[in-house]
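**Q** Everything below, folded, please.
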Amino acid sequence: MGKIADNPYPGSRAFHQADSASYYGRDTDIASVINLWMTNRLTMVTGPVASGKTSLLLAGVYPLMPAKRSSILPAGNLIQSMTFPFAALSDHNPFTFALLRSWSPDDIPTRLAGLSISDFVRRRTPAASEPTYVAIDQLDDFILDPPPGAQSMWRQQFLAELARALDDHPRLHLLLVARPEAIGLLTATVGGGARHAIDGLSFQNAVEALAKPTLAAGRSFTDDAIATLLDDLRGPRIGGISEQATHKAGLIEPSLLQVVCRRLWAELPANTSKISEWTIMEFSNSDIALANHCAHVIGQVAAEYKLGSRWLRTWLLDNFVTDNDNLGGVYERMPTTASLPNAVPRRLVDRHLLTREADESARCYRLLTGRLIEPLRIANVDRTAAPSAAEYLVAAERQLCLGELDSAWRNGKRAADTAAGFREQAHAKSLLGNVSYRRGRPGQALPKYRSAANLLQAAGDTRAAAPLLAAVGRVLLAGGHPRAAVAELRAAVERAPNDLGLQTQLALALWQLGEGRTAISILDWVLTTDDGHVEARRVRGEILADLGEARSAMADLDRAVPNRPSTRAARGLALAELGDLTAATEEINDAVASAQRNGPVLLYAARAFDLAGDTISSRERAKEAIDATDPPLSPPHRRLAQKLAGDRRRLIKP
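**A** Okay, the predicted model is just below:
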């Protein structure tokens, strides 16, 4: 898609004239999508691979929306923030966090962590009298077939949050953009809505896609020139394939038109004002343009997945082109497709070299179009250029978002090794820290975060280093080193004093060090500054319960999101302190059941049972709390647990 996704608006330096092929000639589609988005709570725009959905949204729909700019949030995506240090954040859903950062790019990241989509909309549009328009682009592989475990759980929670936001906010208008195979899942989880399907360009629409931006640039095509160029792109009729695979015979792929136009604009003499059929014959060679495109994509994907470029080109020809020069197809298996990990053909779909058809039981990969057969054959992949550090980093971010941790690590390492400047190196190091953190290896993440912080400080950007110092502090805190954690978090706060999330993390570390009153003072200031700071209110509620101030604790905990085990356990302790033992037992049992190795949760439980007079259960939970590691108890809380356990042999000074 070129660079249109980076800055979609014509006139920007990132916008290329060739990119207009995906939305010029789409006037009817653009008008239909705008009308549906403005009149429906939920709208879904669908279309096959490379049909121009992103360009239609960003460069067609967004600039022409008649609503107030303040009521339209930037287009959302799920790949944002993969280099922001995960460990600096409270527990969060990475899909939700990435979406909220793309919707609110100027917000302080720690302020967004822990918010649900509904919470964000409520804070963004309190008592809104006008509709709020939000969109999410390119859902597809980010919600289809996530790896089991946390990735699958996050997807389920994310989709449930979208549905909840629609229920909670009747003035919210949500637009989802995805390929057809994702629509069934979206409908089942988020709900039914209006739909608009787009496909390749008809001949007449392709004429407009060529003519309009060319006129705007002071040039024009002759009719013969347009016919020559477009007839070439429609290519030969290919037998033996489905109508869906060809995007309906005779249509022109917008992505191919973009590729050919880029080469044409690059080759045309500067003084050319009239583009004739002779001009096309002399300066536009579609086979070479498409072959160069194939070679570039093959080289990039081969590098991302540690393959040889020539080997990957041979794999494509062997599996997707038949002996009769027809399009072949390969069905996806688990975990490989034609001997390659499924991540590889999925990436080739993402890069518009392959397409994928899906039915209820199987998915089949094919070349995007038969017009690519000859360019694929002649593509020069002998000396493809290695990806740049920035390209490696983009690949690693996408792979981390998809849960492809091994590939994310490999490409993040390559980005770090080839980066030229301190900032680029820092982003790569932070991503590597995130991969280790996601793998459950915080000890390996620690030096990566430290290195990234040092690089940013060397670059003179001390504020950007603050979240990385906070990540170091939180890793140390979780590892049972509160004193060292406090030092790192104080350094983070010094560099970004207005970041209320970092202030909250400092308060949490001070509490773990035994300075609960100091922690409460910090949190009081945070909530005076921002009464809606969800994480600060939750932490203050838990600390107040720990300090025995049950009524004040309940005032905070009743406003906190109750799905965290530590929050439920703190509520249980506060309820026990208030004498409501039945409700306390229910909260405690639910919390312990979902966090059986969580030291603070087990200690809250031990204290609640002690207040209820259940000495046996109190001792058992206290012993479990002493041995817990996810996270462990702080030294002051360990001493309290030892006292409740009644094991004098364990009453040693830590």
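**Q** Please count neighbours and contacts with C-alpha atoms only from this point.
**A** Fine.
**Q** in what helix or strand does A160 lie?
**A** Taking DSSP states H and E as the definition, A160 sits inside helix 150-168.
**Q** Would you mind listing the buried residues in that helix?
**A** Q151, S152, W154, R155, Q157, F158, L159, E161, L162, A163, A165, L166 (16 or more other C-alpha atoms under 10 Å).
**Q** would TSV of those residues with pLDDT be doable?
**A** Shown next, in TSV, are the buried residues of helix 150-168 (pLDDT from 0 to 100):
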residue	pLDDT
Q151	87
S152	89
W154	91
R155	92
Q157	92
F158	94
L159	94
E161	95
L162	96
A163	96
A165	95
L166	95
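**Q** who's in contact with the next helix or strand after the helix holding A160?
**A** Following helix 150-168 in sequence order, the next helix or strand is strand 172-178 (DSSP H and E). For strand 172-178, contacts defined as C-alpha atoms under 8 Å, 6 or more residues apart in numbering pick out 37-38, 40-47, 53-54, 131-140, 165-166.
**Q** can you give me the angle whichever helix or strand comes after strand 172-178 makes with strand 172-178?
**A** Using DSSP H and E, the helix or strand that follows strand 172-178 in sequence is helix 180-189. Counting by axes from the mean of the first three to the mean of the last three C-alpha atoms, to 10 degrees, helix 180-189 lies at 150 degrees to strand 172-178.
**Q** downstream neighbour of helix 180-189 in the secondary structure list?
**A** Counting by DSSP H and E, what follows helix 180-189 is strand 194-197.
**Q** avg pLDDT for that following strand?
**A** The average of the pLDDT scores along strand 194-197 is 94.
**Q** Mind listing residues that contact that strand?
**A** S32, V33, L36, N40, L42, T43, M44, V45, T46, G47.
**Q** re the thing from before, the helix holding A160 vs strand 172-178, what angle?
**A** 140 degrees.
**Q** now helix 150-168, how far from the centre of its chain.
**A** Its chain's C-alpha centre and that of helix 150-168 lie 14 Å apart, by C-alpha atoms, centre = their mean, to the nearest Å.
**Q** do the same with stretch 637-648
**A** Using C-alpha atoms, centre = their mean, the offset of stretch 637-648 from its chain centre is 43 Å.
**Q** So for it, what gets flagged as buried?
**A** Neighbour-count burial for stretch 637-648 [16+ other C-alpha under 10 Å]: H637, R638, R639, L640, A641, Q642, K643, L644, A645.
**Q** export those residues to CSV and tack on distance to F95 and secondary structure?
**A** As requested, the buried residues of stretch 637-648 are exported to CSV (distance: C-alpha to C-alpha, whole Å; DSSP: H, G, I helix; E, B strand; the rest coil):
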residue, distance to F95, secondary structure
H637, 34, helix
R638, 35, helix
R639, 39, helix
L640, 38, helix
A641, 37, helix
Q642, 40, helix
K643, 42, helix
L644, 40, helix
A645, 41, helix
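**Q** Could I have the PyMOL command that selects the buried members from the contacts of strand 194-197?
**A** Buried residues within these, by 16+ other C-alpha under 10 Å, are selected in PyMOL with:
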select buried, resi 33+36+40+42+43+44+45+46+47
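**Q** Any regions of this protein where pLDDT drops low?
**A** For the chain, applying pLDDT under 70 flags the ranges 1-25, 126-128, 235-250, 360, 562, 647-654.
**Q** how's it carved up into domains?
**A** Partitioning the chain according to automatic domain parsing yields domains covering residues 26-197, 203-284, 288-378.
**Q** Just the ones of the contacts of strand 172-178 in helices?
**A** Members of these lying in helices (criterion: DSSP state H): W37, M38, K53, T54, D140, A165, L166.
**Q** Out of the domains of the chain, flag the one nearest G516.
**A** Distance to G516, taken as C-alpha to C-alpha, is lowest for domain 26-197 among the domains of the chain, at 18.9 Å.
**Q** residues of stretch 194-201 that come out buried?
**A** Result for stretch 194-201 [16+ other C-alpha under 10 Å]: buried residues R195, A197, I198, D199, G200, L201.
**Q** Spell out the secondary structure type for the fourth one.
**A** Think D199. coil (DSSP: H, G, I helix; E, B strand; the rest coil).
**Q** I appreciate the help and will end here.
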